[in-house]
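Engineer: Below: sequence and its predicted model.
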Amino acid sequence: MSKIRIAIVGVGNCASSLVQGIHYYESKGPGDAIGLMHWVVGGFRPCDLEVVVAFDIDRRKVGRDISEAIFAEPNCTQVFAPDVPKAGVPVRMGRILDGVSTHMGEHPSARTFEAADGLEADRDEVVRVLRESRAEVMVNYLPVGSEQAARFYAECALEAGTGLVNCIPVFIASDPAWAERFRERGLPIVGDDIKAQLGATITHRMLTELFARRGVELERTYQLNTGGNTDFLNMLNRDRLASKKESKTEAVQSVTAKRLDDENIHVGPSDYVAWQNDNKVCFLRMEGKLFGDVPMNLELRLSVEDSPNSAGVAIDAIRCCKLALDRNQGGILAAPSAAFMKHPPQQLPDEEAHRQLERFLEQS
C-alpha cells in the first residue's frame, strides 16, 4: 500500500532513531517486531513511513541527505541501523527563531551548535515545500523551549494542510485556540510532549497509580534526570524549562490520589553529563505511608537510551494521525494524545488511555 509521507522539523537524535527504525523494521514481521506497541495501525506497518521533507538549522545537517544527516554531529544516539539507504531528501534550512538557545554555540562540549549559512526559510517557503512534497504529517522534534519556532511550524502545517504530531512541550494540542484551528481545517493533531516507551515519566506515573490503587498515601516525590545529548545541553538554560517542568509534573500529578503541594513534588531535568551521550538516567524517589501510618519509601534508578525510547511511540502517533486523515477526522485526537503524550488536552490514567486508544484504532 502507499506510504505515509512525513515532514520532520529538527533532525536531532529523536529524528535519527525514527528514521533508523523505519528502515530497521523493513526486514521484520509481526512475530519478531520487538519494541513496538502495534505492528499495524490503519493498515500501515512501521516501515510504511517515508520522510519527504526535513528542516534543520545546523550547518552539519543542512544540505545533506536525511540518511546522512541523522548521523551527523551533534547527534549521539545509538546506531542500530547503520545502512539507512539514501532517500534523495536533502535537509532544508528552516527558521531559527528561538529554536536554539544562545548558550549552545558557546558550550565547551566538543559537539556545539553550528548555525547554517544562508537565508532562513520564511513561512511562504516552508508552506510551499510542504505542499510540493505532499507531506501528510508533520513531526515536531524541535528543542525544548522553542515556543516561537513550534508555533511557526504549526502555522505552516495549518496552511499547507498537514496533520501534526507535536513531540515537544510547547502547548499546542492542549491549547483550545490551536485545537479549534486544527478542527476547523479538518487536520488532526496529536500532542503535547511525547511519552517514552518505558521512560521516567511513564514509570513514575505507573508507580503513582499503584500507590493510589493499593491505598498507600504518597506524601512527596522527586524525579531527577541526567543525560549527555543536546536536549540536556539545551535545558541547561533554565529559562527554556517552564513548559517542560509543567508537562512532566502534571503527568504525575494527574494520577495521584490527592494532588501534592508544590513543595512536595519535583519532576524535571537536572543536569547535563557530556559522556552519557544519549543515555538518560532517572533517579526516582517516592515517600509515603502504609497501613497504620507506617512510613515507607521507594527508590529507583532507570537507565535508557533516550531517543529510541520515544521513536516507537512516535511511529504509532504518526500512524494514528494518518488514520484520522483517511477518516476525515480533524482536531484533537484525544485517545492517542492521552496514550502517547505527557501533556494531552485530557489527562487519563494510562490503563484507560490504552483502552480508549484501542477503541480509536478499531473504529471503521
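Structural biologist: Perfect, I can see it now.

Engineer: wait, residue 274 sits on residue 227?
Structural biologist: No - between residue 274 and residue 227 there is no contact under Cβ atoms under 8 Å: 9.7 Å. All C-beta atoms are positioned from the backbone trio N, CA, C, and that covers glycine.

Engineer: ok, which stretches of the chain are helices?
Structural biologist: 13-24, 66-69, 123-133, 147-160, 176-185, 200-213, 230-234, 242-253, 308-326, 334-340, 350-362 (DSSP state H).

Engineer: Using CSV, write out the CA atom coordinates for stretch 87-99.
Structural biologist: What follows is stretch 87-99, C-alpha atoms only, in CSV (Å, rounded to 0.1, in the frame of the first residue of the first chain):
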residue,chain,number,x,y,z
ALA,A,87,16.5,9.0,0.4
GLY,A,88,17.0,11.8,-2.1
VAL,A,89,15.7,14.2,0.5
PRO,A,90,18.2,16.9,1.4
VAL,A,91,17.7,18.6,4.8
ARG,A,92,16.5,22.2,4.2
MET,A,93,17.3,25.3,6.1
GLY,A,94,14.5,26.1,8.4
ARG,A,95,13.6,29.1,10.6
ILE,A,96,15.7,29.7,13.7
LEU,A,97,13.6,32.0,15.9
ASP,A,98,14.1,30.5,19.4
GLY,A,99,14.9,27.0,18.1
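
Engineer: circling back to that earlier point, out of residue 274 and residue 227, which sits in the more crowded spot?
Structural biologist: residue 227 (26 against 16; other Cβ atoms under 10 Å).

Engineer: now that one, which residues is it bridged with?
Structural biologist: residue 272, residue 280 (DSSP bridges).

Engineer: Contacts only, for it.
Structural biologist: 269, 272, 273, 276, 278, 279, 280, 281, 306 (Cβ atoms under 8 Å, 6 or more residues apart in numbering).

Engineer: quick one: it and residue 276, what's the gap?
Structural biologist: 5 Å (Cβ to Cβ, to the nearest Å).

Engineer: Please apply the same query to residue 189.
Structural biologist: 33 Å.

Engineer: What of residue 37?
Structural biologist: 26 Å.

Engineer: Next: residue 87.
Structural biologist: Taking Cβ to Cβ, one finds residue 87 at 30 Å from residue 276.
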